[in-house]
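[1] model this:
(chains A and B)
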Amino acid sequence: MDNNIMYISLFAIFLLPGVMYAFMPYLTRKTESFGITVTEEIYKSERMNKIRKKYTLEALFAVGITSLITVFLFFKYPEPLNIYIYTVALIVMLGILFFIYLKYHFIVKKLKEKEGWTAGKKQVVLTDMSFRKRKIQYSNVWFVIPLIITAATAYLTYMNYDLIPEQIAMNYDLNGNPTNFKDKSFFTVFMPTITQVLMIGLFIFINNIISKAKQQIDPADPENSAMQNEIFRRKWSGFIVVTGIMMIILFSVMQISFFIPIEPGLLFAITMGSTLVIVLGAFYLSFSLGQGGSRIITSFNKKGEEIDRDNDEHWKLGQFYFNPEDPAVFIEKRFGIGWTINFGSKKGIIYIGILLVFIIGSLLAERLG
Amino acid sequence: MFIKIDFQSETPIYTQLYNEIIKGIAKGELLPGEALPSVRVFSQDLGINMHTVNKTYGLLKQDNFIQVHRQKGVVINPDGLPPADEVFLKKLRENLEPLVAESIARGMNHEEILKECSKVFGTLGKKGE
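    Residues are numbered from 1 along each chain as shown, chains lettered A, B, ... in the order given. Next up, the predicted model:
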């Protein structure tokens, strides 16, 4: 039973990002296609329909083949080798998908250059002055909940410190047998607490990105576009709050298992199960809202010939935004769901640096602990 | 309310921004005491230099349309907006003159020019009616 949950979760976590990437052309804004600025008429044209379909079929094929190979290798090789294979296969699959994307990115880019899709259109930038007064974010006060859980767990752990065995199991194999033990120390016992505090910080940071990221409003239909974007941000902000609380509970359960034995198989199932729920939630939000809220149905109210500013030149390969002239640090992704960094801004580079320090630091801490 | 900037226009961006905000005030979309975005947020959303927004805010402040507080940030002048005094009327006539001149040169009469003027009045909505 536990094993089934685990296999299903592992498989879903592998499959869902691939499937989402394969359907990405249907999830982006209607003013972007494969990382290229287009007009909505072009997006809806028969030719673009065909291009999208072809891309999706190729991408799904790639996802299918890599999944089959991975499943085969996963059951052929023993642990922990198969876990490494799984991880590498996931990265390889995303790499292949990126190359398929690139192929279509260049096809659309050439078509646009040849036919000058945006040449005759007036380009403007629209901003809603009262956008930040809208309800675009769940308050950071919500993170008091995981903070209390963290504190309570740490207190419980401290009170039961003597009950914790001299050796703590840190890693388990897929059957729930411990593979790695560490000596009991304050550091190993309170490692989950440190992780929790860092994670709450990270979630607050992400929640702030959601409210601060640059506005992007379609000049052809400003009111609806602003409303879609408001809903989009608010729902993802809610998702971040819920995900944050779930992850914190997960680490609390892990820490409590130091002194109240929980069957490792169950622990692993809980971990994978929650991860699956989070991935499914992201999947559902992506498909129902679309990038920037573009799939939220509104009253049809298109007017005017104006389009958003065509800044393809700053989007390297259609996905990496590099524009030192733009003071914005966080902006909507073009081919994807969510936000990305302006690699041309000094602040953006600093944030990436901090994030890298975070990741490397936590990896080192795990090794040292 | 929405602010629109045309990057291909010959009108400088800080002037466009100035005009858009005055338009918002005229339409009653921006009310006295209402907060405007900070220079940082505004420039990020529009994708323009912070100095440009600063320049516009500086001009609006100089003309008494906005106030810049340290704590409350930038707000539409809550003490009421500057009246159409003699200085303004002189500026208005100066700006109108070339436009009226061109209209006459193109064969429009007094009535036709006034009609166009009324139309502009109409698009500025509430307060303009």
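
[2] mind listing what residue 18 touches?
    Since no chain was named, I'll use chain A. Residues near A:G18 by CB atoms under 8 Å, 6 or more residues apart in numbering or on different chains: A:59, A:62-63, A:66-67, A:93-94, A:97. C-beta here means a position set from N, CA and C on the backbone, and glycine is covered the same way.

[3] um, chain B though
    B:Y18 neighbours (CB under 8 Å, 6+ apart): B:56, B:59-60.

[4] tell me, which of those residues make contact with chain A?
    Checked against chain A using CB under 8 Å from any CB of the partner chain, these give no members in range.

[5] Looking at those, which are in strands?
    Where these are compared with strands, as defined by DSSP state E, there is no overlap at all.

[6] which of those tops the neighbour count?
    Tallying neighbours with other CB atoms under 10 Å in any protein chain shown puts B:T56 at the head of the contacts of B:Y18, with 24 neighbours.

[7] Please report how far the nearest residue to A:Y55 once chain neighbours are set aside lies from chain B.
    Nearest residue to A:Y55 in three dimensions, chain neighbours excluded: A:Y104, at 4.8 Å (CB to CB, 6 or more residues apart in numbering or on different chains). When distances are taken as CB to the nearest CB, to the nearest Å, A:Y104 and chain B turn out to be 27 Å apart.

[8] name the element A:Y104 belongs to?
    Under the criterion DSSP states H and E, the helix or strand holding A:Y104 is helix A:81-115.

[9] Show me what from chain A comes close to chain B.
    Where proximity means CB under 8 Å from any CB, the interface of chain A facing chain B comprises A:122-133, A:212, A:214-215, A:217, A:219, A:222, A:226, A:309, A:325-329.

[10] which of these are buried?
    Neighbour counting by 16 or more other CB atoms under 10 Å in any protein chain shown classes A:123-132, A:212, A:214-215, A:217, A:219, A:222, A:226, A:309, A:326-329 among those as buried.

[11] buried sites along the strand or helix carrying A:S225?
    Counting by DSSP H and E, the element that carries A:S225 is helix A:222-256. Residues of helix A:222-256 classed as buried by neighbour count (16+ other CB under 10 Å): A:222, A:224-241, A:243-245, A:247-256.

[12] List the buried residues in the helix or strand following that helix.
    Elements were assigned by DSSP H and E; along the chain past helix A:222-256, the next helix or strand is helix A:264-289. Using 16+ other CB under 10 Å as the test for burial, helix A:264-289 gives A:264-265, A:267-276, A:278-279, A:282-283, A:285-286, A:289.

[13] Check what contacts the helix or strand following helix A:264-289 and list those residues.
    Tracing the chain past helix A:264-289, the next element assigned as helix or strand by DSSP H and E is strand A:307-308. The contact list for strand A:307-308, computed with CB under 8 Å, 6+ apart, reads A:31, A:37, A:39, A:118, A:121-126, A:216-220.

[14] from the chain's centre, how far out does strand A:307-308 sit?
    Averaged C-alpha coordinates place strand A:307-308 at 27 Å from its chain's average position (CA atoms, centre = their mean, to the nearest Å).

[15] For the closest residue to A:M24 other than its chain neighbours, grab phi and psi.
    Nearest non-adjacent residue to A:M24, counting by CB to CB, 6+ apart: A:F335, 5.8 Å away. Recorded main-chain torsions at A:F335 are phi -120, psi 80, according to degrees, to the nearest 10.

[16] So A:F335 sits against A:G318, correct?
    Yes - in this structure A:F335 lies within contact range of A:G318 using CB atoms under 8 Å: 6.1 Å.

[17] Please enumerate the shared neighbours of those two.
    Overlap of the contact sets of A:F335 and A:G318 (by CB under 8 Å, 6+ apart) consists of A:34-35, A:101, A:105.

[18] so which two of those residues are the farthest from each other?
    With CB to CB as the measure, no two of those lie farther apart than A:G35 and A:Y101, at 7.8 Å.

[19] which residues do those two both contact?
    Overlap of the contact sets of A:G35 and A:Y101 (by CB under 8 Å, 6+ apart) consists of A:318-319, A:335.

[20] For the residues you listed, could you give me TSV that also reports neighbour count and pLDDT?
    Shown next, in TSV, are those (neighbours: other CB atoms under 10 Å in any protein chain shown; pLDDT from 0 to 100):
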residue	neighbour count	pLDDT
A:G318	22	95
A:Q319	17	95
A:F335	23	95
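
[21] Sketch out the low-pLDDT regions of chain B for me.
    Judged by pLDDT under 70, chain B has its weakly predicted residues at B:126-129.

[22] those helices in it, which residues are they?
    In order along the chain, chain B carries the following helices (DSSP state H): B:13-27, B:39-46, B:50-62, B:86-105, B:110-123.

[23] about what we covered before: can I have the buried ones of the contacts of A:G18 as a PyMOL selection?
    The PyMOL command for the buried members of the contacts of A:G18 (criterion: 16+ other CB under 10 Å) is given here:
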select buried, chain A and resi 59+62+63+66+67+93+97
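
[24] hmm, what's the outermost residue in chain A?
    Within chain A, the residue lying farthest from the chain centre (CA atoms, centre = their mean) is A:D162, at 39.7 Å.

[25] What parts of chain B come near chain A?
    Contact residues of chain B with respect to chain A, defined by CB under 8 Å from any CB, are listed as B:1-8, B:24, B:30, B:35-37, B:40-50.
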